[in-house]
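>>> Here's a sequence, model it:
(4 chains)
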There are 4 protein chains.
Amino acid sequence: MSLAHGRTYLAIPGPSVVPDAVLRAMHRASPNIYEGELPDMMPDLMRDLKRVARTEGHAAIYISNGHGAWEASLANTVAAGEKILILATGFFALGWANIARARGIEVDILQFANGGTFDLARVVQTLEADNTHSYKAVLAVFVDTSSSNRNAFQPLRSILDDLDHPALLMADCIAGMACDRFEMDEWGVDVAVTGSQKGLMCPPGLGFVFFNDKAVEARQRLKHVSMYWDWTQRIAPEAFYQYFSGTAPTHHIYGLRAALDMIHAEGLDAIWDRHATLARAIWAACEHWGQDGPLKLNVPDPALRSHAVTALSIGNPLGTRLRRWCSHEAGVTLGIGLGMGSEDDPKSDGFFRFGHMGHVNAHMILGLLGAVEAGLGALDIPHRAGGVTEAAKVISGV
Amino acid sequence: MSLAHGRTYLAIPGPSVVPDAVLRAMHRASPNIYEGELPDMMPDLMRDLKRVARTEGHAAIYISNGHGAWEASLANTVAAGEKILILATGFFALGWANIARARGIEVDILQFANGGTFDLARVVQTLEADNTHSYKAVLAVFVDTSSSNRNAFQPLRSILDDLDHPALLMADCIAGMACDRFEMDEWGVDVAVTGSQKGLMCPPGLGFVFFNDKAVEARQRLKHVSMYWDWTQRIAPEAFYQYFSGTAPTHHIYGLRAALDMIHAEGLDAIWDRHATLARAIWAACEHWGQDGPLKLNVPDPALRSHAVTALSIGNPLGTRLRRWCSHEAGVTLGIGLGMGSEDDPKSDGFFRFGHMGHVNAHMILGLLGAVEAGLGALDIPHRAGGVTEAAKVISGV
Amino acid sequence: MSLAHGRTYLAIPGPSVVPDAVLRAMHRASPNIYEGELPDMMPDLMRDLKRVARTEGHAAIYISNGHGAWEASLANTVAAGEKILILATGFFALGWANIARARGIEVDILQFANGGTFDLARVVQTLEADNTHSYKAVLAVFVDTSSSNRNAFQPLRSILDDLDHPALLMADCIAGMACDRFEMDEWGVDVAVTGSQKGLMCPPGLGFVFFNDKAVEARQRLKHVSMYWDWTQRIAPEAFYQYFSGTAPTHHIYGLRAALDMIHAEGLDAIWDRHATLARAIWAACEHWGQDGPLKLNVPDPALRSHAVTALSIGNPLGTRLRRWCSHEAGVTLGIGLGMGSEDDPKSDGFFRFGHMGHVNAHMILGLLGAVEAGLGALDIPHRAGGVTEAAKVISGV
Amino acid sequence: MSLAHGRTYLAIPGPSVVPDAVLRAMHRASPNIYEGELPDMMPDLMRDLKRVARTEGHAAIYISNGHGAWEASLANTVAAGEKILILATGFFALGWANIARARGIEVDILQFANGGTFDLARVVQTLEADNTHSYKAVLAVFVDTSSSNRNAFQPLRSILDDLDHPALLMADCIAGMACDRFEMDEWGVDVAVTGSQKGLMCPPGLGFVFFNDKAVEARQRLKHVSMYWDWTQRIAPEAFYQYFSGTAPTHHIYGLRAALDMIHAEGLDAIWDRHATLARAIWAACEHWGQDGPLKLNVPDPALRSHAVTALSIGNPLGTRLRRWCSHEAGVTLGIGLGMGSEDDPKSDGFFRFGHMGHVNAHMILGLLGAVEAGLGALDIPHRAGGVTEAAKVISGV
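Predicted coordinates for the structure are as follows:
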């Protein structure tokens, strides 16, 4: 007998839960790509997409995943042989660095503590030292999906401005956009990338790059930009196919339209509040359990925690065992630990993550926490009982 | 801001949650009704349907809801002017009685306590007194969806046998089948009715009647049986349309096929165990909350509680307020109280129900209970905190 | 190798082709049945449904197929032992008669030629002879799905009025509604029945009965009306479930809503015109083929032909062979001949039908006719080549 | 009134008609990406995908459209500054050339007649002259979607072999794969690219590159290959995400699995035969119409015509008018003329195309041709009547 038979909840940090309305919108015959509904919906779609990033700049949609969006962001801004600075607080900053290196870009990395954030003094020092302005861009991850910390971009903008450093400020918002408050224009971010499969509630398959005129200028000085990533035509298309450099992602566009409708109907501020409250409920449960056992939130400082994903440690091999129990006995799938391994635990078996991004409500999160509490009990993992009740109190208090 | 935005859980006692596989199976072009896949699947479908009722007798599928199945069960067995005995422990027994009366059947009702079960002595007494065997059938509800009590049928069978009373024993299994253990043949039930929209996990639209040869004989002595309800042709069809007295419910058949596949893949015993465990988790939470507040399970004796639905009282108007909070703030919809009203509370605002039938797992139930605990807190309804943790302990213990 | 692999067209006279928008609307989680969107949509749904029948009278929705709607129409108007008159021009009039007889109603049948229509003189004579007004209702089929003839109701209304005969005039519109022009109120029809699966473009599962106040009065004089068929509560529901005598057909309601939206967006007049033109294209092809071969339209007089279905004869066993070829080699499924058999051809193998009801356009019909022309050729059935070109000319001429 | 209301057929050369089974497979909750069904299905998926290209070499799946697959094929084989030879018979060869140039590759183009094929003597001459083997690859389009001609690759292989020229032979099979016979290994093609949205019957969103060990060697000598396009890890993944360089296209994978199941159930040979026969039916109709009017097939030689797409000329502005009529009045959407414009007709208004790729059967094609014949009539475009009947004869003859 298993208690997992029912509608399962995939509580991993992406792909996230796709709303029925999005799936329904994608279940359709192939549409006319020459004229009519589909081409006609593009201007509003682009406008509503940019509203999610809080930018009045430009947006390009790529048929790709987040790695593709990473490529696109670099392909339009930095040439092979040029240099960038990456500020890393987790696994995904290093992933972006790898993408850059494979493009022949020189990468300097400032590594900060996983679970912490940038040491701004070191950032200042490094950029000050770069008096030739060799760094064409400063890259950082907004919410690192592996460590679940959230980094602030306003201080980076201030530093660049104070030093009059012309490097572009580029943000990976894949895990955080439409979950954690992100204000692209207000915060002075020049290029931001994200994907369809997290806060935007669609299946994987679309990458998004948002950018301002300063980034457009950077593109213009590049000699070769491969056509697929080149954003030039995508933001000034004369024909529908030019939005996508070829055949349009017909079904995903309908899905994205439905998702954007949901997002703007709820309102971004309400969405951010919802994610913040649900995250606080999760933290309350975890901190309670951890008082009498090994469970620990990866990011100690609540101000640095993402509202979209939560990384936890519990000791090898309990992370893997707990994930398995929740999946096989309770119908909820937790995320694996990623990039947290050590010599003792090369596969991160002592870590796991909750994804709580996008289409998530109190019922889903309380069920997730209830399942974890049941799993802790079933596996005899020491913990202070009552975490889920603490979470319910947070929800009550709203 | 609302925390309800996400995948909502309809925790009402039917229609229940429809599995994705069932919805997917129903999303199809109209099939050929003359030959091929659809007509060919009927023999196996009927066999697998009967396995759910644990009968080797007959089954008829009606395009109808449960009220239609009620009609069908009576149309084939009892003539206008004849008499039946109804054993009532809740609202739905009275509903079946009303259906009978509208058919011109004389109805005697033995009313037992809502939340209790039959007083067998009274049943014996009543049937003993019927020495002319005027009762053509004894009707009772297996799980009453309103009161959430579960009645045993073996004792009724024994009484009828002991008295050599020829009345048919008829069971309304609408809320219980494929949730609570029900053994039609073993328990000596002659006619059992159910619908597609609860334990069978399909959208509403099909009613099912199961019956044995003794019931077939009852049909044969009736003069007029309206064709739509007549089961004669439905159990010995020479053409596909005769299964359904006309056009087949094409899409529902595909859905039912998918649901039966899921049911038999999991196994009825495992399904019954799952429902039993989840029900115990719910009771643990409710009993805990009730220790310091007004919340009460409607059925005091655990042995008499259904594993598919749970009726609760909390005092007018708190039931309605709690339901509203859970729906608007947490994304879970509770069932309304039904047939529990009094002069003070004609609309049953002090009552509510949980549906936990069919496609439900530990995550969904723990989320439901977490949401209720949050709601109790948010609405300042007195309760002992920690109910959801008690439920998690039950789940742990499996 | 087969040329049937592709999107198949089910060109049978119901179930008809279900539009993607309807299937999409039905692919959803179970909705809240207590409050919100679903209950709220009922008043508009009922209004828009009645517009399809062109009535300002009443409408009741049954979870049933067309046979169920037949039952409902009789259950509310004629008691067992009472008498009705049926005017028959095909198989389905006899089906309705059978339903009546099984209800204990006395049935007189005026049989007219299959493929023709009523001999009004005989109708006058029969009703005149009924000077005791023993006939409680005169029943006729608007479009007989088997013979594909269409009968006019205005003359029947005139006859009844002229004779001052109080019998209800009842029309089976299952195959014709929303395809062939039908004006319930204007034509003086008292009761009309139809189903969801033909012109209304939904999967089978709903039966509809439309009726006026005179019919309501007929109901009131009946002693026993079984609750499931009783329309009294259905047209004056105090609660949502009363529309459906129990659990609502949740998913079908969403499908029906989508279908009604499509119908009223296109406009009933435009729909009737479309069906008329497509029917003329079919007739042109068939008459052309028939000039040098055995193919014949069942209804010789174009004025009597339905625009929704076309019955044809071709000689045993060519009907069955042609149907098989079209299905296996061309991807289009023709309807079987129904109720047209003779001693030589008990299974109607020499007959077949085209369904062209509901969601059908010029492409689908021209493809159907092209496939038939190819089949005639492949099977060496004599015919004058070029029928599909004649059909294209009809379409051109619009 | 319009006769277009019904299930529309998008008869454009891609995106093609998506089978219901594929759409159904894609309508699902986000799956677990760590373990279980989805990761487990990859080895069989890759095997079955390669069977479609008739190769025992390698395959990489990209989240992209065909332009992305073009990029990927070049990114792994040719460095910036290196040279390739493109053999062009239509618009899309020039598109691939543009992709190459934007990558900094030097491109020589041999331009052949649109509607014809390669002049092999010129190819020999050009490659012979390249005695330094400066051409790293010879690129050609198998079926050019714009001109609808089909080019043979065996002669190119022979030329390269005869000259001992080491250039890779690369084929764009986007429009032809799984429609026109293509034998990658037997024909000696080193790299072949295609997409999901034509013969593979899925929505746009996946690009495929097939390649052999010789191509793998070419990759190895390249210094920088951007990670997203690099096929190295994709063909030897240690983790599921490495198949896709990041997040997997979860829903498309399920769709592709369903499509491959359909393809291999029917059999590639049967599929190629089906396309060939349907193409011959189209040609028969068009040649017939053209005998008394302006309609002309773009490719005069039947041996050079694709079986997946057919380009036609009819004179400006009749192409556009005919397309519009078919779409608005008959429910079938024709493809626009592409890359066929002249000074007189810069927008190709005198051209149009039929897409007949993938999920197409005799009914759909005969309906398409019937609609065109009706449109020719409705618009008074001179033509010999009876084309659709000629097409039906071709279908008959099978």
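
>>> switch to C-alpha atoms for all contacts and neighbour counts from now on
Fine.

>>> need the contact list for the residue nearest to A:Leu368 when sequence neighbours are not counted.
When the adjacent residues along the chain are set aside, A:Leu368 lies closest to B:His363, with 6.1 Å between them (C-alpha to C-alpha, 6 or more residues apart in numbering or on different chains). With contacts defined as C-alpha atoms under 8 Å, 6 or more residues apart in numbering or on different chains, B:His363 is in contact with A:Ala4, A:Thr8, A:Tyr9, A:Ala330, A:Gly331, A:Val332, A:Met364, A:Gly367, A:Leu368, A:Gly370, A:Ala371.

>>> Would you quantify the distance from the fourth one to B:Ala311?
In other words, A:Ala330. Here the criterion is C-alpha to C-alpha, to the nearest Å. By it, A:Ala330 lies 24 Å from B:Ala311.

>>> Relative to chain B, how far out is the residue of the stretch 51-200 of chain A found nearest chain C?
Residue nearest to chain C within the stretch 51-200 of chain A: A:Leu200 (20.2 Å; C-alpha to the nearest C-alpha). A:Leu200 is 13 Å from chain B, where distance means C-alpha to the nearest C-alpha, to the nearest Å.

>>> For the stretch 251-398 of chain A, which residues are neighbours of chain B?
Selection of the stretch 251-398 of chain A residues close to chain B by C-alpha under 8 Å from any C-alpha of the partner chain yields A:270-271, A:273-274, A:278, A:329-332, A:358-368, A:370-371, A:373-378, A:385-389, A:392-398.

>>> List buried residues within these.
The neighbour count (16 or more other C-alpha atoms under 10 Å in any protein chain shown) marks A:270-271, A:273-274, A:278, A:329-332, A:358-368, A:370-371, A:373-378, A:385-389, A:392-396 as buried among these.

>>> how many neighbours does the closest residue to A:Leu110 other than its chain neighbours have?
With sequence-adjacent residues excluded and distances taken as C-alpha to C-alpha, 6+ apart, A:Leu110 is closest to A:Leu87, at 4.9 Å. Applying other C-alpha atoms under 10 Å in any protein chain shown, we find 22 other residues in the vicinity of A:Leu87.

>>> close enough to count as contact, A:Leu87 and A:Ile109?
Yes - proximity of A:Leu87 to A:Ile109 meets the contact threshold set by C-alpha atoms under 8 Å, at 5.9 Å.

>>> and the lengthiest helix in chain A, what does it pack onto?
The helix spanning the most residues in chain A, taking DSSP state H as the definition, is helix A:268-290. With contacts defined as 3 or more C-alpha pairs under 8 Å, 6 or more residues apart in numbering or on different chains; DSSP states H and E, the packing partners of helix A:268-290 are strand A:296-297, helix A:362-378, helix A:387-396.

>>> Nearest to chain C: which residue in the stretch 101-250 of chain A?
With C-alpha to the nearest C-alpha as the measure, the residue in the stretch 101-250 of chain A that lies nearest chain C is A:Thr250; the distance is 16.1 Å.

>>> For that residue, which non-adjacent residue is closest in space?
With sequence-adjacent residues excluded and distances taken as C-alpha to C-alpha, 6+ apart, A:Thr250 is closest to D:Pro204, at 6.5 Å.

>>> To which secondary structure element type does A:Phe121 belong?
You called it Phe, but residue A:121 is Ala. When the structure is reduced to helix, strand and coil (DSSP: H, G, I helix; E, B strand; the rest coil), A:Ala121 reads as helix.

>>> And the strands in chain A, which stretches?
If DSSP state E is used as the criterion, the strands of chain A fall at A:9-11, A:58-63, A:83-88, A:106-111, A:135-141, A:168-172, A:191-195, A:206-211, A:296-297, A:309-313, A:332-336, A:351-355.

>>> What strands line up against the third one, and which way round?
Yep, that's strand A:83-88 we're talking about. strand A:106-111 (parallel), strand A:135-141 (parallel) (DSSP bridges).

>>> how many degrees apart are that strand and strand A:168-172 in direction?
On the basis of axes from the mean of the first three to the mean of the last three C-alpha atoms, to 10 degrees, strand A:83-88 is oriented at 40 degrees to strand A:168-172.

>>> So for strand A:83-88, could I get the coordinates as PDB, restricted to C-alpha?
Taking Å, rounded to 0.1, in the frame of the first residue of the first chain, the C-alpha atoms of strand A:83-88 are listed here in PDB:
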ATOM      1  CA  LYS A  83      36.500  39.500 -20.300                       C
ATOM      2  CA  ILE A  84      33.700  39.300 -17.700                       C
ATOM      3  CA  LEU A  85      33.400  39.200 -14.000                       C
ATOM      4  CA  ILE A  86      31.100  36.700 -12.300                       C
ATOM      5  CA  LEU A  87      29.900  37.000  -8.700                       C
ATOM      6  CA  ALA A  88      29.200  33.500  -7.500                       C
END
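
>>> List the contacts of it.
For strand A:83-88, with C-alpha under 8 Å, 6+ apart as the criterion, the contacting residues are A:93-94, A:97, A:105-112, A:118, A:134-141.

>>> try 7 Å
Outside strand A:83-88, the residues that touch it by C-alpha atoms under 7 Å, 6 or more residues apart in numbering or on different chains are A:94, A:97, A:105-112, A:134-140.

>>> Name the residues of stretch A:254-272 that are buried.
Within stretch A:254-272, the residues that qualify as buried by neighbour count (16+ other C-alpha under 10 Å) are A:254-264, A:268-272.

>>> Same question for stretch A:45-62.
Of the residues in stretch A:45-62, those buried by neighbour count under the rule 16+ other C-alpha under 10 Å are A:45-46, A:48-55, A:57-62.

>>> Count residues in the vicinity of A:Val22, would you?
A:Val22, neighbours per other C-alpha under 10 Å, totals 25.

>>> Quick check: closest non-adjacent residue to the residue of chain A found nearest chain B.
Nearest residue of chain A to chain B: A:Gly367, at 3.3 Å (C-alpha to the nearest C-alpha). The spatially closest residue to A:Gly367, leaving aside those adjacent along the chain, is B:Gly367, at 3.3 Å (C-alpha to C-alpha, 6+ apart).

>>> got it, and A:Phe352?
Counting by C-alpha to C-alpha, 6+ apart, A:Phe352 lies nearest to A:Gly337, which is 4.2 Å off, once chain neighbours are set aside.

>>> What's the mean pLDDT across stretch A:319-335?
Averaged over stretch A:319-335, pLDDT sits at 97.

>>> who touches it?
Surrounding stretch A:319-335, the residues in contact under the criterion C-alpha under 7 Å, 6+ apart are A:2-6, A:8-13, A:349-355, A:368, A:371-372, A:375, B:361-363.

>>> how about that stretch: buried residues?
Buried residues in stretch A:319-335 (16+ other C-alpha under 10 Å): A:319-327, A:329-335.

>>> from the chain's centre, how far out does it sit?
With C-alpha atoms, centre = their mean, to the nearest Å as the basis, stretch A:319-335 stands 23 Å off its chain's centre.

>>> Please work out which of the strands of chain A is packed deepest.
When you average the neighbours per residue for each of those (mean count of other C-alpha atoms under 10 Å in any protein chain shown), strand A:191-195 leads with a mean of 30.

>>> ok and it relative to strand A:135-141, angle-wise?
Using the same axes, to 10 degrees, the interaxial angle of strand A:191-195 with respect to strand A:135-141 works out to 40 degrees.

>>> Residues of chain A that sit close to chain C?
For chain A, the contact set with chain C under C-alpha under 7 Å from any C-alpha of the partner chain comprises A:Asp20, A:Arg24, A:Arg28.

>>> wait, what's in contact with the residue positioned nearest the centre of chain A?
When C-alpha atoms, centre = their mean is applied to chain A, the residue found nearest the centroid is A:Ala175 (1.1 Å). For A:Ala175, the residues meeting the contact criterion (C-alpha under 7 Å, 6+ apart) are A:Val143, A:Asp144, A:Thr145, A:Lys198, A:Ala308.

>>> Could you rerun that using 10 Å?
For A:Ala175, the residues meeting the contact criterion (C-alpha atoms under 10 Å, 6 or more residues apart in numbering or on different chains) are A:13-15, A:66, A:141-146, A:148, A:150, A:193-195, A:197-200, A:306-309, A:355, A:357-358.
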